[in-house]
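Enquirer: Just to be clear, the model below is a prediction. Sequence and coordinates:
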Amino acid sequence: MTLFYILAAILLFGILITVHEAGHFFAARLMKIPVREFAIGFGPSLLKWKRKKHDTQFFLRAIPLGGYCAFYGEDDTKGEFKDDPRYFGNFSVPKRLATILMGPLMNLLLAVLVAILLYSISGIPVPDGLYITYVQSVSADSAAQLGGMLPGDIILSVDGQPVSDNLSELLNQGERGAARQFVVRREVDGSEQEEELTITPLYDPVQQRSLIGIMMSIAQPVKMVRGTIAQVLEQSVQTSWQAGKMVVTAIVNLFTRGEGAGEVAGVVGITKMIVDEIQRSQLEGYLYLMVVISINLGLMNLLIIPGLDGSRIVFLLLEAVRGKPIAKEGYVHAAGMILLFALMIFITFRDVIRLF
C-alpha cells in the first residue's frame, strides 16, 4: 500500500505543476504569443508530438516532478531569437505580464476548486460544543511538569470550574502561589481516562499573570454536515484564504527571522508528509494537502527570486517604466535557476538523510 500512496503523492505533484504551466500556456494562446515547448515532467522524453498550427512541441517526460512552458527567446542570452517574429520579447508588456501571472493564479484557483470538492465530499464543519484546551508541550521543570501534566492532555477543569477557552482567566483567580486542582483527560493504553493533578502556578510579575509552563492549543469541536452550494463555496474560499495567510506568515518569518529554515522540505520530505497524511485521513487529507501545497506553489512563485515568476514580473514592470528591456535579464534568471536547482538538491539530500 505504501507504493500506492507514493504514486498518489507523485500524482499530486504532477497535477499542481501541470496546472501551473497550463496557466502560462493558455494565457499565451489567448495573447497570441507562440509557445516553443510545453512539457510535463523532466528527464528523458517518453512521448512527444508537435502541433503544426501553433508550432509548439509537446513532451511527456520520465520524471513527473516538474514541467515547463518555454517561449521563443525567453532567457535568451545569445540573441538567437531577436529577429524571430515569435520572439517573446516582441510582444507587449501587458501581454507578457498576463502570461507570467496566470501560472501562480491558476494554482490559487485550483486550491479553491479542490476545496470545493473536499467540502462537497466531507461536508462543511460546524461548531459542536464548547472550546477544548489541549496541552501541546510542557516546559522542563515547570509547575505543570512537576504536577504531572503531559503533552496531549485535555484540561477539563481547574478547582471544579470547567475549562473551555478560559484557562488563563481561571489561573489568575484565587490566591497567588496557592495549589490548584486540575482535572485532565489523557489516553492511557489506548483508552481515555481522567486524572486529578495538583499544580501550583507561578506568578510572572513581567506578564502580571500566573503561569504553569505549558504551550496550549484551543480548538472547538466540529462536526461535518452537508452544506448548500453557497456554504460550500464560502467554506472553500475561507479555507484557501486561511491557508494563504499561513503560507505568507511562514515565508515572512523565514526571511525575516530565519524561523523554519531547518524544516524546509523538498520533494522527498513533502512526499513523506503526503504519504503520512493519506494513511491517516485518506481522501480528505489528500485533498486538503493539495489545497495547501497548491497555494504554497502559487505564492512561492511570486517571490522576487531570479528564475521564479515574481522576478520576471518585476523585470517586466521595470521594462514598462524604462520603455526598454534590461539587457542582462536572461543571465539573472539563468543564474537564479542554477542556484534554485542547487538548493533543491541540497534540501532533497537532507530529506533523504532524515528518512534514516
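Expert: Received, thanks.

Enquirer: Show me what the nearest residue to Leu211 once chain neighbours are set aside is bridged to.
Expert: Closest residue to Leu211 apart from its sequence neighbours, by Cβ to Cβ, 6 or more residues apart in numbering: Asp204 at 5.3 Å. Glycine gets a C-beta too; all of them are placed from N, C-alpha and C. Applying DSSP bridges to Asp204 gives these bridge partners: Arg209.

Enquirer: so how far is Leu97 from Val184?
Expert: 56 Å (Cβ to Cβ, to the nearest Å).

Enquirer: who has more neighbours, those two?
Expert: Using other Cβ atoms under 10 Å, the more surrounded residue of Val184 and Leu97 is Val184, with 23 against 18.

Enquirer: now the helices for this structure?
Expert: Secondary structure of the chain (DSSP state H): helices located at 2-30, 93-122, 143-146, 167-171, 229-257, 267-300, 309-322, 329-355.

Enquirer: hey, least reliable of those helices by pLDDT?
Expert: Note on the helices of the chain: helix 329-355 shows the lowest mean pLDDT, a mean of 71.

Enquirer: between the helices of the chain, which one is nearest to Gly129?
Expert: Taking Cβ to Cβ, helix 167-171 is the member of those nearest to Gly129, at 16.7 Å.

Enquirer: how distant is the closest one from the center of its chain?
Expert: Taking Cα atoms, centre = their mean, to the nearest Å, the mean C-alpha location of helix 167-171 is offset from the chain mean by 34 Å.

Enquirer: name the helices or strands packed onto that helix?
Expert: Counting contacts by 3 or more Cβ pairs under 8 Å, 6 or more residues apart in numbering; DSSP states H and E, helix 167-171 packs against strand 154-158, strand 209-211.

Enquirer: Average pLDDT for the last one, rounded please.
Expert: Right, strand 209-211. The pLDDT scores in strand 209-211 average 87.

Enquirer: What is it packed up against?
Expert: helix 167-171, strand 202-204.

Enquirer: among these, which is the most enclosed?
Expert: A comparison of the helices and strands packed on strand 209-211 by mean neighbour count, using mean count of other Cβ atoms under 10 Å, puts helix 167-171 on top with a mean of 16.

Enquirer: who touches it?
Expert: If you take Cβ atoms under 8 Å, 6 or more residues apart in numbering as the criterion, helix 167-171 is touched by 133, 155, 158-159, 161, 163, 180, 201, 209-212, 216.

Enquirer: what do you get for stretch 290-304?
Expert: With Cβ under 8 Å, 6+ apart as the criterion, stretch 290-304 contacts 12, 15-17, 19-20, 103-108, 110-111, 114-115, 118, 239-240, 243-244, 246-248, 251, 270, 308-311, 313-314.

Enquirer: got the CA positions of it in PDB?
Expert: The C-alpha coordinates for stretch 290-304 follow below in PDB (Å, rounded to 0.1, in the frame of the first residue of the first chain):
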ATOM      1  CA  MET A 290      -3.500  19.600  -2.400                       C
ATOM      2  CA  VAL A 291      -5.200  22.900  -1.400                       C
ATOM      3  CA  VAL A 292      -2.300  24.000   0.900                       C
ATOM      4  CA  ILE A 293       0.500  22.900  -1.400                       C
ATOM      5  CA  SER A 294      -1.200  24.400  -4.500                       C
ATOM      6  CA  ILE A 295      -1.400  27.800  -2.700                       C
ATOM      7  CA  ASN A 296       2.200  27.300  -1.500                       C
ATOM      8  CA  LEU A 297       3.400  26.700  -5.100                       C
ATOM      9  CA  GLY A 298       1.500  29.700  -6.400                       C
ATOM     10  CA  LEU A 299       2.700  32.200  -3.700                       C
ATOM     11  CA  MET A 300       6.300  30.900  -3.700                       C
ATOM     12  CA  ASN A 301       6.400  31.500  -7.400                       C
ATOM     13  CA  LEU A 302       5.500  35.100  -6.800                       C
ATOM     14  CA  LEU A 303       8.700  35.700  -4.700                       C
ATOM     15  CA  ILE A 304      11.200  38.100  -6.200                       C
END
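
Enquirer: I'd like the helices of the chain laid out as TSV, including distance to Ser137.
Expert: Listed next are those as TSV, based on distance: least, Cβ to Cβ, whole Å:
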stretch	distance to Ser137
helix 2-30	29
helix 93-122	30
helix 143-146	10
helix 167-171	15
helix 229-257	19
helix 267-300	20
helix 309-322	36
helix 329-355	21
